[in-house]
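*Asks:* Fold the following.
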Amino acid sequence: MMRNRICGMALAVLTIFGPVHGKAETLTDALIAAYENSNLLEQNRAVLRAADEDVAVAVSALRPVVSYAVNWGSSWTKRTAGAMSSDFHALNLSVSLSAEMVLFDFGRSKIGIDLARESVLATRQALVAVEQQVLLAAVQAYVEVRLRQEIVALRQSNVRLIGEELRAAQDRFDVGEITRTDVSIAEAALAAARSGLAAAEGDLMVARESYKAATGHYPGRLAPLPASPAIGRNADEARAVALRSHPAILQAQHQVAIADAQVALADANMKPTIGIGLSVGNSSIDSSAVGGDSASLTTQLGLTMSQTLYAGGRLSALYRKAVAQGAAARAGLHQTVVTVEQGVGNAWAALAVHSASIEASRQQIVAAQEAFEGVRQEAALGARTTLDVLNAEQDLLDARAARLQAEAGRTVTVYQILSAMGLLTVEHLGLGIPTYDPNAYYDAVKTAPATSSRGRKLDRILERAGRQ
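*Replies:* Take a look at the predicted model:
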């Protein structure tokens, strides 16, 4: 029985903490794995590439549009004059090639390009925000697994200590020093400790699943947490950095620029468009009628000027709508600044709370340890009951658990402050891995290339993006 229990405990330790040999997985390893395996990041990179193509679409509006048309037909005609009738059959073929180009549109095309570029920049900031979200989830998962492992170890130690108290109580009962009530109290406490251990092991299993979701794999043996990254001296410094670098603020700024471009575009849509058109057409008729075949070649070149004079108030309504959306974008920017500043302040307040909790729990552990040892010695002399010893043991357990939770909370809060500052990125953390380059695809498509000489380059970029 004892051998089976020892084997079971060894298996539990190996399952929870991983093998004792080999390299331990560090927080940096977890962050790298999260960055490289994130489906959310891959999704938003594809969204960014789609936004890049909007620039190419806008650029194409400045270029000529060349098209062709081919028409083929066959006709039969039957003519009757008195008692005589005759049949005629003709084959009609026409080919036309046309080219059209906008010469002047009061800046509509250029505004469209500027609007698309601002959308790309806004989408890039959204991608940075997702990167921060992915990395923060990895930090939280790593810290949570370590915390739950330590809680499990604490609960295991608690079960062992209460088991010793139960055996001691049983020995004292056997010699008549205490009553059966004391033994029952110890038995109840041991059952409660085992229940707490089972709950802690369940929490660890949940934490392991969260770790897998965040990084793409289950945790092995985790290394101790590294030193906390620098976050500045106070909340005011952090706020100043956040106002310059937080992706939500930068995205909102680009959204204001987009709204301004929409206003300019709505105004330009009320003005005329001047264009040039060229068409070349060839038609031929192969007829069985008298006169035989015929063919003609037609060439046309001309300027066009068009403008909507009245559209039932639609264009004016679109202009007013764009102005209102611009006001909304500016208000959104101001609110984003407020939200980011609040997030920084909240994170710094949480950091202060966790730091104070760590110090308080440290003092609590020292006092609880002394109290437990004293109560246990007094119980051995008959001056304390078994319940007193168990209560002192529970106080010590609670103090140690509080210390672990406060330390875990402080670590996560430091990275939350980095995220609130807009600095929780692979580049700022110096993880030393290749990162996704948003300029690579944009530079390849911003001039709206046809799928010819640059097709292979685009394929290579897309393949590399898929690997990242």
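
*Asks:* where's residue 52 relative to residue 257, distance?
*Replies:* Plainly put, residue 52 is 17 Å away from residue 257 if you go by Cβ to Cβ, to the nearest Å. Every C-beta, even on glycine, is put in place using the N, C-alpha and C of the backbone.

*Asks:* got it, and residue 176?
*Replies:* On the measure of Cβ to Cβ, residue 176 and residue 257 end up 87 Å apart.

*Asks:* Could you do residue 323 as well?
*Replies:* 15 Å.

*Asks:* circling back: what about residue 52 and residue 257, which has more around it?
*Replies:* Per other Cβ atoms under 10 Å, whichever of residue 52 and residue 257 has more neighbours is residue 52, with 23 against 18.

*Asks:* Which residue, other than its chain neighbours, is closest to that one?
*Replies:* Leaving aside its sequence neighbours, residue 52 sits nearest to residue 442 (Cβ to Cβ, 6 or more residues apart in numbering; 4.6 Å).

*Asks:* which residues sit in contact with that neighbour?
*Replies:* 52, 55, 120 (Cβ atoms under 8 Å, 6 or more residues apart in numbering).

*Asks:* Tell me the secondary structure at it.
*Replies:* helix (DSSP: H, G, I helix; E, B strand; the rest coil).

*Asks:* Strands along the stretch 151-300 of the chain, start to end?
*Replies:* With DSSP state E, counting those that start in this stretch, the ranges of strands along the stretch 151-300 of the chain come out as 273-287, 294-306.

*Asks:* Just put those in JSON lines and tack on mean pLDDT.
*Replies:* Formatted as JSON lines, the strands of the stretch 151-300 of the chain follow (pLDDT from 0 to 100):
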{"stretch": "strand 273-287", "mean pLDDT": "83"}
{"stretch": "strand 294-306", "mean pLDDT": "85"}
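
*Asks:* which of these is buried the deepest?
*Replies:* Sort the strands of the stretch 151-300 of the chain by mean neighbour count, taking mean count of other Cβ atoms under 10 Å, and strand 273-287 sits at the top with a mean of 16.

*Asks:* Residues contacting it, please?
*Replies:* Contacts for strand 273-287 (Cβ under 8 Å, 6+ apart): 88-106, 108, 293-307.

*Asks:* and the one helix or strand residue 66 maps to, what other elements does it pack with?
*Replies:* Taking DSSP states H and E as the definition, one finds residue 66 inside strand 65-81. Here strand 65-81 touches strand 84-104, going by 3 or more Cβ pairs under 8 Å, 6 or more residues apart in numbering; DSSP states H and E.

*Asks:* tilt between the strand it packs on and strand 65-81?
*Replies:* Angle, strand 84-104 to strand 65-81, by axes from the mean of the first three to the mean of the last three Cα atoms, to 10 degrees: 160 degrees.

*Asks:* Show me what strand 84-104 is packed against.
*Replies:* On a contact count with 3+ Cβ pairs under 8 Å, 6+ apart, strand 84-104 meets strand 65-81, strand 273-287.
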